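Chemist: Give me coordinates for this.
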Amino acid sequence: MTTLRQFAMEDLLKFNNINLDVLTETYNMGFYMSYMAQWPESFMVAEAPNGALMGYVLGKAEGDDKLWHGHVSAVTVAPTYRRLGLAKTLMDSFESVCVDTYNAYFVDLFVRASNGLAQNMYEKFGYSTYRRVLGYYAGECPEDALDMRKALPRDRDKESVIPLDHPVYPGDLEW
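Modeler: The predicted model follows:
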């Protein structure tokens, strides 16, 4: 049986099976530790009965007023455990934190414009594209991101997910 729990410091030494995948954005240790310190309730891991880490969601709360929201910095599942519904379970868990703990208006995430599989998955989870962020992903081959959002109960009129009619640049982002 899979267990969902808060990510712990020792998990940093056990999550290579998840992070060494080409589909996963990997960060430095300080990044993960800052999330554990500031938003521990939003950094959840799925653990197998044998203690192996199956996947995790890394999130936070940010914004002001009607832009107060949960942000998914990463959600990923180890290749061995894909297609079991773990990504949905992890996202549902984070969304619950955003409703029950943060009282957020929406949840957002960024996904590579070329990653159609992830976009389709997030659409199945109830997310829609809010805007395109030009050149969001830097590197040898810069790439645009799609800012995808899902309105939460606090946003009764779903104002937070009304799509913009023009792209923006990373410097235009509020948070």
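Chemist: which ones are touching residue 60?
Modeler: 35, 38-39, 42, 70-71, 73 (C-beta atoms under 8 Å, 6 or more residues apart in numbering). Where you see a C-beta, it was placed from the backbone N, CA and C, and this is true even at glycine.
Chemist: Mind doing that once more with 6 Å?
Modeler: 39, 42, 71 (C-beta atoms under 6 Å, 6 or more residues apart in numbering).
Chemist: What about it? Give its phi and psi, please.
Modeler: Main-chain dihedrals, residue 60, degrees, to the nearest 10: phi -160, psi 170.
Chemist: Write the ChimeraX selection for whichever of the contacts of residue 60 are buried.
Modeler: One line in ChimeraX is enough to select the buried members of the contacts of residue 60, burial here meaning 16 or more other C-beta atoms under 10 Å:
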select :39,42,71
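Chemist: mind putting the contacts of residue 60 in CSV, secondary structure included?
Modeler: Converted to CSV, those look like this (DSSP: H, G, I helix; E, B strand; the rest coil):
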residue, secondary structure
39, coil
42, helix
71, strand
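Chemist: So residue 41 lies in a strand, does it not?
Modeler: No: counting by three-state DSSP, residue 41 is located in no strand; its state is helix.
Chemist: That one against residue 98, yeah?
Modeler: No: the pair formed by residue 41 and residue 98 falls short of the contact definition of C-beta atoms under 6 Å, at 10.0 Å.
Chemist: more crowded one of the two?
Modeler: Neighbours were counted for residue 41 and for residue 98 using other C-beta atoms under 10 Å; residue 98 has more, 27 against 16.
Chemist: which other residues reach the helix ranked longest in the chain?
Modeler: Longest helix of the chain, by residue count under DSSP state H: helix 86-100. When contacts are defined by C-beta under 6 Å, 6+ apart, helix 86-100 is touched by residues 4, 41-42, 44, 46, 54-55, 57, 59, 70, 75, 77, 104, 107, 125, 152.
Chemist: Please apply the same query to stretch 74-84.
Modeler: Taking C-beta under 6 Å, 6+ apart as the rule, stretch 74-84 contacts 17-18, 21, 24-25, 54-55, 57-58, 86-87, 90-91.
Chemist: if we take these, which one ends up nearest to residue 130?
Modeler: Residue 130 lies nearest to residue 91 out of these, by C-beta to C-beta, at 16.6 Å.
Chemist: how about the CA coordinates for stretch 77-92, as CSV?
Modeler: Provided in CSV are the C-alpha atoms of stretch 77-92 (Å, rounded to 0.1, in the frame of the first residue of the first chain):
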residue,chain,number,x,y,z
VAL,A,77,6.8,9.9,-10.4
ALA,A,78,9.6,7.4,-10.8
PRO,A,79,9.4,5.5,-14.2
THR,A,80,8.7,2.2,-12.4
TYR,A,81,5.6,3.6,-10.7
ARG,A,82,4.0,5.5,-13.6
ARG,A,83,0.5,4.9,-14.9
LEU,A,84,-0.8,4.0,-11.4
GLY,A,85,-2.5,7.3,-10.7
LEU,A,86,0.2,8.6,-8.3
ALA,A,87,0.5,12.0,-10.0
LYS,A,88,-3.2,12.5,-9.6
THR,A,89,-3.0,11.4,-5.9
LEU,A,90,-0.1,13.8,-5.3
MET,A,91,-1.8,16.7,-7.0
ASP,A,92,-5.1,16.0,-5.1
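Chemist: If anything else comes up later, I'll come back, but that's it for now.
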